[in-house]
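Chemist: give me the fold of what follows.
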Amino acid sequence: MWDRVLHKSGFRGVEMEIRDCEHDDLYSFSVMSSTASTTRPVFDFEISLVTANGNVPDMWLDKLRVSVGLLTCTVPAVQCLEEAAADSSRVCVLIDDPASPILANPSATQFEHLKRICTSSKGLLWLTHGGAVECTKPLSSLASGFLRSVRQEYRGKRLGTLDLDPSKEAWFTEAVRTVVDVFRTFFDYSTTDKGRDFEFAERDSTVCIPRYLTDTNRNKAIFCESSDQTTARLEPFLQPDRPLKLAVRTTGLLDTLVFEDDPSMADPLQEDFIEIEPKAFGVNFRDVMVAMGQLKSSVMGYDCAGVVCRVGKVAAENGHKVGDRVSVLLRGHYGSRVRVHWTSAVQIPDDMSFETGASLPTQYVAAYVSLVDTARLQSGETILIHAASGGVGQTAVMLSQRLGAEVFVTVGTEEKREFVMKQFGISPDHIFSSRDTSFAAGVLAMTQGKGVDVVLNSLAGNLLQESFNCLAPFGRFIELGKRDLEQNSLLAMEAFTRAVSFSSIDVIALGEQKPMHTNRVMKEIVRMVASGEVNAVYPINVMPISDVEKAFRLMQAGKHVGKIVLSVPPQVVVPVRTPSSP
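Modeler: Residues are numbered from 1 along each chain as shown. The predicted structure is shown next:
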């Protein structure tokens with residue numbers, strides 16, 4: 001689409017595209033480069049050189065007339081102000097008086113003539129002297145102010161000023177060349193760019209254009225940093241009297257991830273909550289999307305495993321105690337202390353590592369609720385699982401195989417294709433690419449045109465629609481993604497004629513709205529993994545929490561396989577935002 005629009009707008013199409021992420025399903029934006037096509041300039045054939053008074057030397061005026069004529073292949077007329085107002089449907093070059101600018105003290109008649117020229121002409125270039133840059137002749141700058149007002153009322157009309165160098169003679173020869181150069185750019189009708197410049201100033205044989213520039217030194221002097229602004233320095237993540245949590249200073253910039261004080265930890269512990277000292281955190285793509293500003297949320301951190309250090313009264317009555325090793329479904333954040341409702345934490349056996357415990361909550365709950373509770377996948381049915389090498393994908397494959405379903409999957413790279421073949425024994429003709437819509441034709445071909453009974457979807461845009469079209473009659477579509485939902489994307493309804501269903505799964509909302517259901521599912525998941533009925537996601541890529549930015553970038557790139565987990569070693573240090581010195 002952009003290639004077509006660029007060609008239509010006078011460019012050479014999309015010559016280069018650079019994405020912020022190599023993964024087709026995960027990238028957010030592209031930087032495109034295009035070159036404007038070279039076209040011959042187009043000028044109007046009706047041009048007038050308008051003198052505000054009779055003080056312009058004839059020799060200078062003749063040179064300007066000839067030079068403009070050679071440029072435009074037409075001979076400009078020379079008119080006084082009154083004549084130009086009477087014949088105002090022309091492109092005009094108004095030559096003001098350097099000594100006595102016409103707007104300094106115009107008569108009523110002169111002002112009416114000026115108004116008519118500005119409003120009725122095809123365009124106007126007003127020549128002044130010393131009214132710009134250092135402004136040695138302030139009255140000459142009246143023309144710029146006047147035309148700024150007129151341009152607000154006559155959008156699209158080319159009304160500009162050219163201020164000639166006041167340090168040279170009023171009618172110096174080089175000025176003719178400057179006027180012609182500006183005329184060539186300003187009145188070339190082969191260009192229609194909206195970002196046009198309207199004010200020009202010639203100084204030292206150079207045409208200057210006004211631009212805003214940041215005055216860094218003055219900004220620092222006037223808007224000096226106050227004492228409540230912050231800087232980051234390396235400090236221990238685990239501080240007994242100072243709980244920390246992860247934040248992003250500038251949304252969209254992962255290099256601004258930093259830990260800051262968590263004031264919520266100063267509140268009394270609620271009776272139905274427990275407090276946990278984390279030992280490991282699971283990283284989710286949702287965390288990266290929040291950090292990049294792609295979701296309507298500021299919460300980062302959903303998977304955790306650690307040791308219970310405080311217990312509320314109601315939580316204790318439901319079996320929690322200090323010292324328990326637990327797997328936790330968080331609602332944020334990556335913190336040195338976290339608090340959750342007792343239903344969001346379940347005990348893990350002593351022989352299960354904290355890294356494994358941190359890999360379970362969101363992925364396994366999402367897959368279990370999607371396939372077992374919502375889709376009610378049965379033995380002998382077919383299922384399409386997108387992004388099968390990731391955490392949710394692997395879990396869904398294992399649960400589907402355990403339930404006796406025929407599994408079709410998509411992956412993003414050849415490496416991931418080899419992984420799912422080796423790890424789960426999926427045959428090559430059941431593996432498709434998630435980078436384009438070819439999987440839809442492949443799935444329909446493998447199912448003799450029927451489609452699959454269940455789709456577990458994490459793709460977006462047109463890939464979501466193609467996935468929805470893969471459903472068999474009475475099929476169930478389970479949506480795990482958030483982008484299309486929050487962007488209120490459209491979904492073609494034709495597939496619903498086959499009596500299919502569409503469901504959206506949000507594990508975090510499930511934990512908040514149906515806590516007992518979530519607790520039951522989490523206990524069942526821990527039991528299944530501990531007993532070996534299903535395996536933990538493989539591999540678990542463990543990094544220290546000090547490498548949180550590196551972990552987020554790895555997740556953003558979409559090249560990893562398995563689950564990324566951030567461990568919390570005892571002496572780990574992280575960037576901490578602290579008040580700077582006054």
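Chemist: C-alpha only now, for contacts and for neighbours.
Modeler: Fine.
Chemist: in the stretch 1-150 of the chain, which spans are strands?
Modeler: Secondary structure of the stretch 1-150 of the chain by DSSP state E, counting those that start in this stretch: the strands cover 16-19, 30-33, 47-51, 77-80, 91-95, 123-129.
Chemist: do the stretch 301-450 of the chain as well
Modeler: Going by DSSP E, counting those that start in this stretch, the stretch 301-450 of the chain shows strands at 303-311, 325-329, 338-341, 345-347, 382-385, 406-411, 431-433.
Chemist: most tightly surrounded among those?
Modeler: strand 325-329 (a mean of 28; mean count of other CA atoms under 10 Å).
Chemist: what's the angle between it and strand 303-311?
Modeler: 120 degrees (axes from the mean of the first three to the mean of the last three CA atoms, to 10 degrees).
Chemist: what packs against strand 325-329?
Modeler: The contact analysis (3 or more CA pairs under 8 Å, 6 or more residues apart in numbering; DSSP states H and E) places strand 325-329 against strand 303-311, strand 345-347, helix 354-358, helix 361-368.
Chemist: ok, now with 10 Å
Modeler: strand 273-283, strand 303-311, strand 338-341, strand 345-347, helix 354-358, helix 361-368, helix 507-513, helix 515-531 (3 or more CA pairs under 10 Å, 6 or more residues apart in numbering; DSSP states H and E).
Chemist: can I get those in TSV with mean pLDDT?
Modeler: Output for these, formatted as TSV (pLDDT from 0 to 100):
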stretch	mean pLDDT
strand 273-283	96
strand 303-311	96
strand 338-341	96
strand 345-347	97
helix 354-358	96
helix 361-368	95
helix 507-513	91
helix 515-531	96
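Chemist: for Gln423, find the nearest of these.
Modeler: helix 515-531 (16.4 Å; CA to CA).
Chemist: ok, and what's touching the closest one?
Modeler: 327-329, 341-349, 351-352, 356-357, 360-362, 364-366, 368-369, 373, 507-512, 532-537 (CA atoms under 10 Å, 6 or more residues apart in numbering).
Chemist: could I get the strands of the stretch 301-450 of the chain as JSON lines with distance to Pro236?
Modeler: Output for the strands of the stretch 301-450 of the chain, formatted as JSON lines (distance: least, CA to CA, whole Å):
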{"stretch": "strand 303-311", "distance to Pro236": "18"}
{"stretch": "strand 325-329", "distance to Pro236": "23"}
{"stretch": "strand 338-341", "distance to Pro236": "17"}
{"stretch": "strand 345-347", "distance to Pro236": "26"}
{"stretch": "strand 382-385", "distance to Pro236": "41"}
{"stretch": "strand 406-411", "distance to Pro236": "39"}
{"stretch": "strand 431-433", "distance to Pro236": "44"}
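Chemist: wait, which of these is closest to Ser120?
Modeler: strand 431-433 (61.3 Å).
Chemist: show me what that closest one is in contact with.
Modeler: Residues contacting strand 431-433 (CA under 10 Å, 6+ apart): 384-388, 407-414, 417-418, 420-421, 438-443.
Chemist: which parts of stretch 456-464 are buried?
Modeler: 456-460, 463-464 (16 or more other CA atoms under 10 Å).
Chemist: in TSV, list those along with distance to Leu253.
Modeler: Shown next, in TSV, are the buried residues of stretch 456-464 (distance: CA to CA, whole Å):
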residue	distance to Leu253
Leu456	31
Asn457	28
Ser458	24
Leu459	24
Ala460	23
Leu463	27
Leu464	28
